[in-house]
Structures are given as structure tokens and as C-alpha cells.
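[1] Below is the structure, and that's it, no one-letter string:
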């Protein structure tokens, strides 16, 4: 008896409210809400499938190009689409240690097309931009904010059997010699 009564009440509410739900859902407002939800879902899928991008600031882009392409043998990558749609990673310029910075801070704020792009791993890219000062004993300095990135680069250096020396573990700082006996300092900035 209670079960039949419950089903009767449910049928009553479905009969009364279902037409209103259908009218609301297919009204102009309802369609706009559905479109916004679909757009939000598409943007979420787009941004979550985008590659992770590490930014490395270097003293000299030409020397960096030789180092990453010829010595580390990293493949050149296309600029990720999410960099064209106002989804830029902030460099956190206020937290820079002045010792790592070049002469002007404004030069370091690069447009997405500026610099060099390399494929570091399957879904990870490396964005190389100018702006770092010279490093230890006037070495070429490459500054990065992500320890994961420097660890991946150190593994690449080790796999290529390049001469390197770890100067400091935390924050990570190591020196690498290229084929022209230039010293490149890889430094993590906290």
C-alpha cells in the first residue's frame, strides 16, 4: 500500500514538473546554459590535454640553441595552442633573485613566439627565453623555476655522457661543459 502510494506521488510529480523542465531546458536561457556548460567542458579538455611547459631563462639564445639542439639533441617543438589563447604561465618576476637576472627585467617577459621550443618528454615541452645574467665565472647561465625540469635536463646530460658537476643539491645547481668547452650553469630558482 505504501509502495503504491509512493509510486503514485512520483508519477504525479513527473507529470506536473516534467513539461516545465522540458520547456525550461529548451528555452533561450536553457540553451544558453547548455552551450556554456559544453564550452566549459571543451575548454577543460583542451587545457588538460595541453603539454606541460617548463620555461628556462638563458644568457645567450644562440649558445642555448646549439646546446639544446646539437648537444642534448632535443627535438624542436611547435608552440602549444594554449599559449595563443591568453593562457600564459606567469614567470613570477617579483620572486627573482637579482643575481640570476640580466640587465633589464622587461626583456624577460617574452611573447609566446619568442625564444626556442623543444620537446623534453612525450607531453612536456621546454620554452627557452633570454634574460638571464652570466653565471659562475662568466659561464652561460640557464635558470629554471622547476626542479623537475632540471632533473630531466640532468638525466639528459648524463645520458649524453657530457662532463658535469653538481655544485649544490638544494636548490639544484650544476655545471655542464659543451663541445666547445663552454661552461653552462643550470640553476634552480626558488
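    Cool, the structure landed. No experiment lies behind these values; they were computed from the predicted model shown.
[2] Residue 147 contacts residue 187, correct?
    No. With contacts counted by CB atoms under 8 Å, residue 147 stays clear of residue 187, the gap being 11.2 Å. C-beta here means a position set from N, CA and C on the backbone, and glycine is covered the same way.
[3] so what's in contact with these two at the same time?
    Taking CB atoms under 8 Å, 6 or more residues apart in numbering as the criterion, residue 147 and residue 187 both touch 171, 172.
[4] Quick check: the gap between residue 146 and residue 123.
    15 Å (CB to CB, to the nearest Å).
[5] who has more neighbours, those two?
    For residue 146 versus residue 123, the count of surrounding residues by other CB atoms under 10 Å is larger for residue 146: 15 against 10.
[6] where along the chain do the helices fall?
    Using DSSP state H, the helices of the chain run over residues 2-25, 28-49, 61-66, 147-159.
[7] any low-confidence regions in the chain?
    1-26, 46-49, 81-113, 136 (pLDDT under 70).
[8] could you redo the last one with a cut-off of 80?
    1-27, 30, 42-51, 80-114, 135-139, 190 (pLDDT under 80).
[9] Comparing residue 147 and residue 187, which shows the higher neighbour count?
    residue 187 (24 against 13).
[10] now that one: how far from residue 172?
    8 Å.
[11] what do you get for residue 181?
    In this structure, residue 181 and residue 172 are 23 Å apart, going by CB to CB.
[12] So for the two, which residue has more residues nearby?
    For residue 181 versus residue 172, neighbours defined as other CB under 10 Å are more numerous around residue 172 (18 against 7).
[13] Look up which residues are beta-bridged to the closest residue to the more buried one other than its chain neighbours.
    Distance criterion CB to CB, 6 or more residues apart in numbering; nearest residue to residue 172, sequence neighbours excluded, is residue 188 at 4.3 Å. Counting by DSSP bridges, residue 188 forms beta bridges with residue 144.
[14] Same question for residue 132.
    residue 101.
[15] That one: neighbour count?
    25.
[16] Now do it against residue 180, distance only.
    19 Å.
[17] Same question for residue 35.
    Taking CB to CB, one finds residue 35 at 57 Å from residue 180.
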